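*Asks:* The sequence and its predicted three-dimensional model are supplied below.
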Amino acid sequence: MTKVAQLLGVTTPETVRKWVCQAQVDEGARPGVTTEDSVELKRLKRENAELRRANSILKAASAFFAAEQGRPSH
């Protein structure tokens, strides 16, 4: 790993080891989360956070307009 890391210009052999392990997971030779699944999971987490923010804004707007509707108009 050290020699390969040097040849690739990577600072640590640990990086190369992690690449090899991830490649084995992606090929199905080792258990774990594939790169494709990891990317999809990150995308879904971002989308979920965005939907939670939007839901929070909509709840606040709904409460505001409900309170406004109960007030007498001038």
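*Replies:* Structure received.
*Asks:* Just name whatever secondary elements whichever strand or helix holds Phe64 is in contact with.
*Replies:* Taking DSSP states H and E as the definition, one finds Phe64 inside helix 35-70. Under the contact definition 3 or more C-beta pairs under 8 Å, 6 or more residues apart in numbering; DSSP states H and E, helix 35-70 sits against helix 13-27. C-beta: built from backbone N, CA, C; applies to glycine.
*Asks:* residues of the helix it packs on that come out buried?
*Replies:* 16, 22, 25-26 (16 or more other C-beta atoms under 10 Å).
*Asks:* ok, how many other residues are close to Asn48?
*Replies:* Here the neighbour count serves as a burial measure; for Asn48 (other C-beta atoms under 10 Å) it reads 10.
*Asks:* Tell me the pLDDT of the closest residue in space to Gln22 that isn't next to it in sequence.
*Replies:* Nearest-residue entry for Gln22: Thr35, 6.3 Å, with adjacent residues in sequence omitted and distances by C-beta to C-beta, 6 or more residues apart in numbering. At Thr35, the model reports a pLDDT of 98.
*Asks:* show me the contacts for Thr35.
*Replies:* Under the criterion of C-beta atoms under 8 Å, 6 or more residues apart in numbering, the contact list for Thr35 reads 22, 25-26.
*Asks:* Take those residues and write them to TSV, including pLDDT and distance to Glu68.
*Replies:* Compiled in TSV, the contacts of Thr35 are given as follows (pLDDT from 0 to 100; distance: C-beta to C-beta, whole Å):
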residue	pLDDT	distance to Glu68
Gln22	98	54
Val25	98	54
Asp26	98	55
